[in-house]
Every structure is written in C-alpha cells, then in structure tokens.
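Engineer: Dropping a prediction and its sequence here:
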Amino acid sequence: MIVCPPDSFPADPSARQILVTGATGLLGSYVVRDLLLAGERPLLLVRPDRKRDPATRIEAMVAAWEGELGHPLPRPTVVAGDIAAPRCGLDDDAVRELGERCRAILHNAASLTFHGADRDGDPWRTNVGGTAHVVGLARAAGIGEFHHVSTAYVCGLRSGRVLETELDVGQRFGNDYERSKVEAETLVHGADHLRSVTVYRPAIIVGDSRSGFTSTYHGFYALARLGHTLLPRMLIGSTSGRALLRLLRIDGRDRKNFVPVDWVSQVMCHLVRTPAAHGRTFHLTHPEPVSTSTIACVVQEAVERFSRAASPDDPDVRDERWFADEFRSQLGVYRSYLRCDPDFDRAATASHAGQFPCPTIDHESLLRMARFAIECDFGRRVPRERPPKSACGACAG
C-alpha cells in the first residue's frame, strides 16, 4: 500500500522520487531529514512494528525532526512493505506505481548482527536476502538507478591501504556481518538490469557530531555500556583505560575509524543528488582515525563521570582484575571489532564531496556521545537535558 500525502508528488513529472529502505534506523532517519531539507520528496519503504503502522512510524519521526529544527517539514510518501519478502511484499499495482513515481532506489536497510551460523537468520536474511528482494523490486518496477549502503569493513581483516575500487580480493573476515555485506555488494553489481550502481561504504557510524544523539548502541557504545554496567561493582579510580587495554592485550596505538551519522548522511544525500558521482564506490571514512587508547580513556572517563559507582563500604566491591575478566568475557562478539583498521582510500569521496570535511572525532566528541548514551540509559529513557541542535540541511547542492 502506498500512502501519499497531498503534496508528496512533485508537480514536475521529471522530478521523480527516490525510494529509500531502512528509513527508521539511525542513518535512515538522518537521510530522510536531509533529503526533505534538500527539496526531495522521498518515498519510504517501511514495515509495521508491533505497535504502529508504517505511516504512523514515519509521522512520529518527521515530527521529532520538526521539533528539533523549529520549523515544519513536508511529509514523505510511505510504502508499506518488507524487504524480507520477494518484491518487498508489494503487489502488481504497487510495483507499477513505483515504476511511474521513482527514478532511483537508495537501499539502506541492514542488519548489524555480527555472527549468524544459520543463513536463514541475520545478518544473511537482511543483508543478502533483503538486498536480493530490493534488487528484484527494482527489476520488476523498471528502476535502473541503484544506491547501495554497504560498509568499509567489506575489507575484512586486510591491512595496509584499501582502495574504493576493491571488493573481493580473497580477504579473510572477522565476522559474518562483513561476509554478508561483500555478498550483498557482489549481488548488486551483478544485476544486469541496473544501469547505475553507486555504493556507499561508511566506517563505524557513531552519534551526531554536535548533539551526540544516537538511537543505536553498537561498537563504541557496547564498550561504554559494558563499563556502565560493571561500574556499580567497582570503586572510582580502581581501574584505568590504559590498564584495561593491557589486560585485554590491545595495543593502544591501534586505530578505529569513526564517522558521525550527520556527516555520513550529508555526504550520501549530496552524492545521491549528483549524477556525475553515480556509478562509483565511496569510502565514507575519517581521514584521522581514533586510537584505541583514546577510546579506552573516553570509556573510563565517561562511566566514572556519568555512571554510578560502588560505595567504599559495599562488601561486594570488586577489583581491577575482576573488571577486566568480566569485560573480556562479555566482549566475545566484539573481539574482531577491536582490531586495528586499515588505511581507507578516499579518492572518490574527496573528488565528489571534498567540500564536506568530516567533523573531528576526538576525546571531547566521543565523551559527548558516551554521555548522551549513558544519560538516556542506552535508549531506555530520555536524557535530562536536551542536547544542542545538530547541523542540518548542508547536503543541498
């Protein structure tokens, strides 16, 4: 079913819409905002959740952006569908209408599940099967322009310099998420009915560069959440970030590539709307990665400043070794995440979006992001103080 707001269909028939998947996720919500601010009227493929239908979910999201921006936004078109089904569950009439209304598909939906022994489950079901269904929808609707959100970590366990033009070079992988994203990219490139395939490979997406806002808590946030969870058994100052790195056998000089969600959306929206950039692959990565030493120190400072520690007279207080053992035992799924990142080539990104420098990611900005996560209890409550407004709308052009 296609739910169309009165002003959603452009008056100019040549200005057809972009179909977006994954609109309700962190990156997707920013992409919707930035496309609307740039004058687009995206068409969003959304499934119902347990409590709300697709149109209600999108209305709540757009209304939240209006509250932050302080001015109204036009409403996108909503398509009730699910990438888990062939042709995303759309009937012949809906597919025909998509073909008439849409000029392109921006496939952003993905699973961040790291390990999946069963290929009928995630990440395979969403990242490979879901991509196949979206590509099949493009074929059925006659849509030839395809934009695919992948990850810089299709590089797997490679070291050295990784080019934007490379995909499968026989690399080993750290987890099934990386494998599934390589398969998805290969599938998209192999679709002979697509006349243009543009691939976006962001590094590790973290919160908003200004407000610290996030709605997902993987990677860096998983480390902060572990510290936040374990600190009530520890005394302030009983461990340090650098000591923790040594206990976990992690070299503090290793680097991780973090990129803020607002910048990733800004660059993607610019490239989607720039025909000269289409058909390329873009590493949306930071030119100055963060050291694991900085990450460890941020996690330590964040939990000591914003989480609740144990009382000195608590009989259950634990020591540094207990903290490290607990941290290590619960980090299993993220062990590959802590490896040193390679040097990501950014030539295409610099050529086509060099006017959008990536905001600095350092101790101060990561601490702001960790504070946001802790104060909202990693998504369980609203923070006590409203963060400063994020940068918006710079994707136009």
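Structural biologist: Noted; the coordinates are in hand.
Engineer: where along this protein do the strands fall?
Structural biologist: Using DSSP state E, the strands of the chain run over 2-3, 17-21, 43-46, 77-80, 102-107, 145-149, 161-162, 196-202, 204-206, 255-256, 258-260, 281-284, 290-291, 343-344.
Engineer: any idea of the mean pLDDT in the third one?
Structural biologist: I take that to be strand 43-46. Mean pLDDT, computed over strand 43-46, is 98.
Engineer: And it, what does it pack against?
Structural biologist: Packing partners of strand 43-46 (3 or more C-beta pairs under 8 Å, 6 or more residues apart in numbering; DSSP states H and E): strand 17-21, helix 54-69, strand 77-80. In this view, the C-beta of every residue, glycine as well, is placed from N, C-alpha and C.
Engineer: Report the buried residues of stretch 282-296.
Structural biologist: 282-286, 289-296 (16 or more other C-beta atoms under 10 Å).
Engineer: ignore the last one, stretch 69-78
Structural biologist: Here stretch 69-78 shows 69, 75-78 as buried, counting by 16+ other C-beta under 10 Å.
Engineer: could those residues go into CSV alongside distance to residue 194 and pLDDT?
Structural biologist: Below are those laid out as CSV (distance: C-beta to C-beta, whole Å; pLDDT from 0 to 100):
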residue, distance to residue 194, pLDDT
69, 34, 95
75, 29, 95
76, 23, 96
77, 22, 95
78, 24, 96
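Engineer: So which of the residues you listed is the closest to residue 144?
Structural biologist: residue 77 (20.1 Å; C-beta to C-beta).
Engineer: low-confidence ranges in the stretch 251-397 of the chain?
Structural biologist: Across the stretch 251-397 of the chain, the ranges flagged by pLDDT under 70 are 309-324, 326-328, 330-337, 382-397.
Engineer: one more time with 50, if that's ok
Structural biologist: Confidence mapping of the stretch 251-397 of the chain against pLDDT under 50 gives the ranges 384-388, 390-397.
Engineer: so which of the helices and strands packed on strand 43-46 gets nearest residue 116?
Structural biologist: For the helices and strands packed on strand 43-46, the distance to residue 116 is smallest for strand 17-21, at 19.8 Å, taking C-beta to C-beta.
Engineer: So what's the residue count around the closest residue to residue 30 other than its chain neighbours?
Structural biologist: Take residue 30 and drop its neighbours on the chain: the residue closest to it by C-beta to C-beta, 6 or more residues apart in numbering is residue 265, 3.6 Å away. For residue 265, the neighbour count with other C-beta atoms under 10 Å is 28.
Engineer: got a list of what residue 256 touches?
Structural biologist: Contacts for residue 256 were tallied using C-beta atoms under 8 Å, 6 or more residues apart in numbering; they are 204, 220, 289-292, 295, 341.
Engineer: Out of the strands of the chain, which gets nearest to residue 123?
Structural biologist: Among the strands of the chain, strand 145-149 sits nearest to residue 123 (C-beta to C-beta), with 13.8 Å.
Engineer: Direction included, what does that closest one pair up with?
Structural biologist: strand 102-107 (parallel), strand 196-202 (parallel) (DSSP bridges).
Engineer: Would you format the ones you listed as JSON lines with mean neighbour count and mean pLDDT included?
Structural biologist: JSON lines is the format used below for the strands paired with strand 145-149 (neighbours: other C-beta atoms under 10 Å; pLDDT from 0 to 100):
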{"stretch": "strand 102-107", "mean neighbour count": "22", "mean pLDDT": "98"}
{"stretch": "strand 196-202", "mean neighbour count": "21", "mean pLDDT": "98"}
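Engineer: Residue 184: which of those strands is closest?
Structural biologist: strand 102-107 (8.8 Å).
Engineer: what's the following helix or strand after that closest one?
Structural biologist: Sequence-wise, the next helix or strand downstream of strand 102-107 (DSSP states H and E) is helix 124.
Engineer: For the closest residue to residue 346 other than its chain neighbours, list each beta-bridge partner.
Structural biologist: Sequence neighbours aside, residue 283 is the residue nearest to residue 346 in space, at 5.2 Å (criterion: C-beta to C-beta, 6+ apart). Residues in a beta bridge with residue 283, per DSSP bridges, are residue 201.
Engineer: Would you quantify the distance from residue 283 to residue 164?
Structural biologist: For residue 283, the distance to residue 164 equals 5 Å [C-beta to C-beta, to the nearest Å].
Engineer: Show me whatever sits in contact with both of those two.
Structural biologist: Residues touching both residue 283 and residue 164 by C-beta under 8 Å, 6+ apart: 201, 345-346, 348-349.
Engineer: of all those residues, which comes closest to residue 158?
Structural biologist: The closest of those to residue 158 turns out to be residue 345 (C-beta to C-beta; 11.8 Å).
Engineer: how many neighbours does the closest one have?
Structural biologist: Residue 345, neighbours per other C-beta under 10 Å, totals 17.
Engineer: Who are the contact partners of it?
Structural biologist: Applying C-beta under 8 Å, 6+ apart, the residues near residue 345 are 161-164, 283.
Engineer: now those residues: which count as buried?
Structural biologist: 162, 164, 283.
Engineer: The residues you listed into TSV, with extra columns for distance to residue 127?
Structural biologist: Formatted as TSV, those follow (distance: C-beta to C-beta, whole Å):
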residue	distance to residue 127
162	20
164	20
283	19
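Engineer: nearest to residue 23, of these?
Structural biologist: residue 283 (23.5 Å).
Engineer: wait, the closest one sits on residue 166?
Structural biologist: No - if you go by C-beta atoms under 8 Å, residue 283 and residue 166 don't touch, sitting 10.3 Å apart.
Engineer: want to throw the strands of the chain into TSV with distance to residue 374?
Structural biologist: Supplementary listing: those in TSV, determined by distance: least, C-beta to C-beta, whole Å:
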stretch	distance to residue 374
strand 2-3	37
strand 17-21	31
strand 43-46	30
strand 77-80	34
strand 102-107	33
strand 145-149	28
strand 161-162	33
strand 196-202	24
strand 204-206	14
strand 255-256	20
strand 258-260	18
strand 281-284	27
strand 290-291	19
strand 343-344	30
